[in-house]
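*Asks:* Sharing a sequence plus its predicted fold:
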Amino acid sequence: MLDRAAAETSAKDETTRRVRFRGAGFVPASSRFGGWIALALVIAVWQAAGSAGLVNPLFLPAPSAIARAIYELAISGALWQHLSASLLRIGVGWLLGTAAGVAVGFAIGLSRLARSVGITFISALFPIPKIALLPLLILWLGIGEEPKIATIALGVFFSTAISVYSGVDAVPRNLIRMAQSFNVPFATIVRKVIWPGALPSILAGFRITASVALLLVVSAEMIGAQYGIGAFVLQAGNLMQTDQLLAGVVILSVFGLAVGKVINLLETKLLHWR
C-alpha cells in the first residue's frame, strides 16, 4: 500500500506544472528608449530623402536645414524675442485660467446650487471656439497683450473646470460617507479625501490645458501680434521660408514635450500612492 501511495504521489509530482502568477494587475509599461529610437529613424530617413534630392526643399526642408535655421535664429536673438513673448502669454493666461477653473470646478463638484448653474453655462460656452472671441476681446480690452492672455485663460478655464468637477465626482462616495460618520469637518474631508481622489483627473486636465494654451497662443499671435512663435511662423509662411516655418514648429513641439515632462514629474511626486 505504501509503495502504491508513493508511486501515485510521484506520478502527480511529474504531471504538476508551475503556473505563472496572474494577479499582478495591469501595469502599462513602455520601452525607455523605444520612442527616441523611432524618432531618430524617422529623422534619418527624412534627412536621407532630402540629401538625395527626392524631396523638394521648398516644400519639405531637410532636418539639417531646420537645425541650421534654429541656430541662426538663436544667434541673431530673434528666437528669444519671439519665444519670451509667447511664454509670457502662455504662463499668465494658463495661471489665470487654471486658478479660476479649479475654484469653479470644486464649487460645481461640492455644491448643488453651483452645479445647477455652472454646468449650464459651461455646457453652453465650452463648444465655442475661443479664438473666435478674440476680435470681441480686442474691442473690450484694446490692442495689446490683454486680449491674447484672456483668450488663453478662457480656453484653459473651461477644460480645467470640467476636469476638476469630473475628478470630484469620481471620488468614491463610501470614503466621503465614512469620513462623515466619524464627524470629520467638511474642510478636512475636502483636503484629505476629495482632493487626493480628484488629483489624477486634475493633473490629466493640466496636460490637456497646456496643449490648449499652446494652440490658442499660436492662433492669437497669427491674428494680431508682432512678436511670438505664431507670428514668426505666419511670417515665415508668407515669405515661403519653409525652413524657418518648420523651425518654429519644432520649437513648439519641444515646448510641448518639456511641459509633458514637467507634468510627469508632478504626477510622480503628487501621486506616489498609486
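*Replies:* That came through, no problem. Residues are numbered from 1 along each chain as shown.

*Asks:* Name the residues that touch stretch 56-65?
*Replies:* With CB atoms under 8 Å, 6 or more residues apart in numbering as the test, stretch 56-65 has contacts from 43, 46, 47, 49, 50, 51, 55, 69, 240, 242, 243, 246. From N, CA and C alone the C-beta is placed, and that goes for glycine too.

*Asks:* and the third one, what element?
*Replies:* If you go by DSSP states H and E, residue 47 is part of helix 34-51.

*Asks:* residue ranges with poor pLDDT in the protein?
*Replies:* Within the chain, the stretches with pLDDT under 70 are 1-17, 19, 21-31, 273-274.

*Asks:* where do the helices sit along it?
*Replies:* Under the criterion DSSP state H, helices of the chain are mapped to 2-15, 34-51, 63-76, 78-110, 112-125, 134-141, 145-170, 173-181, 186-189, 195-224, 229-238, 242-270.

*Asks:* Pick the most deeply packed of these.
*Replies:* Greatest average neighbour count among the helices of the chain goes to helix 145-170 (a mean of 23), per mean count of other CB atoms under 10 Å.

*Asks:* Summarise which helices and strands it is packed against.
*Replies:* Packing partners of helix 145-170 (3 or more CB pairs under 8 Å, 6 or more residues apart in numbering; DSSP states H and E): helix 78-110, helix 112-125, helix 134-141, helix 195-224.

*Asks:* Dump the contacts of stretch 56-65 into TSV; add distance to residue 154 as well.
*Replies:* Below are the contacts of stretch 56-65 laid out as TSV (distance: CB to CB, whole Å):
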residue	distance to residue 154
43	37
46	37
47	41
49	42
50	41
51	45
55	40
69	33
240	34
242	32
243	34
246	29
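
*Asks:* Residue 146: which of these is nearest?
*Replies:* Closest approach to residue 146 among the contacts of stretch 56-65 (CB to CB): residue 246, at 30.9 Å.

*Asks:* so what's the closest residue to the closest one other than its chain neighbours up against?
*Replies:* Leaving aside its sequence neighbours, residue 246 sits nearest to residue 66 (CB to CB, 6 or more residues apart in numbering; 4.9 Å). Residues near residue 66 by CB under 8 Å, 6+ apart: 243, 246, 247, 250.

*Asks:* Many thanks, I have nothing further to ask.
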